[in-house]
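[1] Let me see the structure of the following:
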Amino acid sequence: MKQASVPITQEMKFLSQPLNAVDVDGVFEGYASLFGVADLGKDVVMPGAFAESLKKRDAGAVRLLWQHDPSTPIGRWLSIAEDRRGLRVRGKLNLAVERARDIHALMREGSVDGLSIGFRVERARAERPTGLRRLEKLDLWEISVVTFPMLPGARVETVKEVPKNLASSIRAGTARLFS
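    As a prediction, the model looks like this:
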């Protein structure tokens, strides 16, 4: 007996405001993965899935790529850690690289804000009734800035801005307080 197919609809979400608070160093933060949330391929990353991988490979050893292309590194990860929500990342675009400067400009405009993980599955279990695959142990190789992430909630959340005169403002404020 043939089952009726369900039409696939495309859903688009846009940033309410562009990420225009980009510092001169290209530092940004966000979530590359969220725990317990199914991606578009029906994979669900479980809490603790990255723990062993992060013990053997620090943030500097995980590549920061553009669109999962190994020939297009665009910077480096400053920190990668699991928290209660998912895989929290902080990265820095290498603004000496032309592609990274392009991505920096796109992030400022709010045109690009997706994050996506590249990994090898070490342990997973399939749920036959739901069709979901629970990813319990992953070997994390790279995290990419992407246009369309498989996990729609995996996004750049903030792009750090450091005011140009931050140090002098702090000194002036301190002088006023303690003079």
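
[2] Isn't residue 88 up against residue 31?
    Yes: distance between residue 88 and residue 31: 6.0 Å, which falls inside the contact criterion (CB atoms under 8 Å). The way it works is simple: take the backbone N, C-alpha and C, and place the C-beta from them, glycine included.

[3] more neighbours, those two?
    Neighbour comparison, residue 88 and residue 31: the larger count goes to residue 31, with 20 against 17 (by other CB atoms under 10 Å).

[4] Name the helix or strand for that one, please.
    strand 27-34 (DSSP states H and E).

[5] swap in residue 104?
    Assessed by DSSP H and E, residue 104 sits inside helix 98-109.

[6] same question for that helix, mean pLDDT?
    Per-region confidence: helix 98-109 scores 92 on mean pLDDT.

[7] Residue 122 - nearest residue in space that isn't next to it in sequence?
    Distances taken as CB to CB, 6 or more residues apart in numbering put residue 137 closest to residue 122, at 4.2 Å, once the chain neighbours are dropped.

[8] just to revisit the earlier point, paired strands for the strand holding residue 31, with orientation please.
    With DSSP bridges as the test, strand 27-34 is paired with strand 86-93 (antiparallel), strand 156-159 (antiparallel).

[9] That strand - what's its average pLDDT?
    On average, the pLDDT along strand 27-34 is 95.

[10] Check which helices and strands whatever helix or strand comes next after that strand is in contact with.
    Remark: after strand 27-34, the chain's next helix or strand is strand 43-45, criterion DSSP H and E. Applying 3 or more CB pairs under 8 Å, 6 or more residues apart in numbering; DSSP states H and E, we find strand 43-45 packed against strand 132-146.

[11] quick one: the strand it packs on to chain centroid distance?
    How far strand 132-146 lies from its chain's middle: 11 Å, per CA atoms, centre = their mean, to the nearest Å.

[12] Give me the buried positions along it.
    For strand 132-146, the neighbour count (16 or more other CB atoms under 10 Å) marks 132-138, 140-146 as buried.
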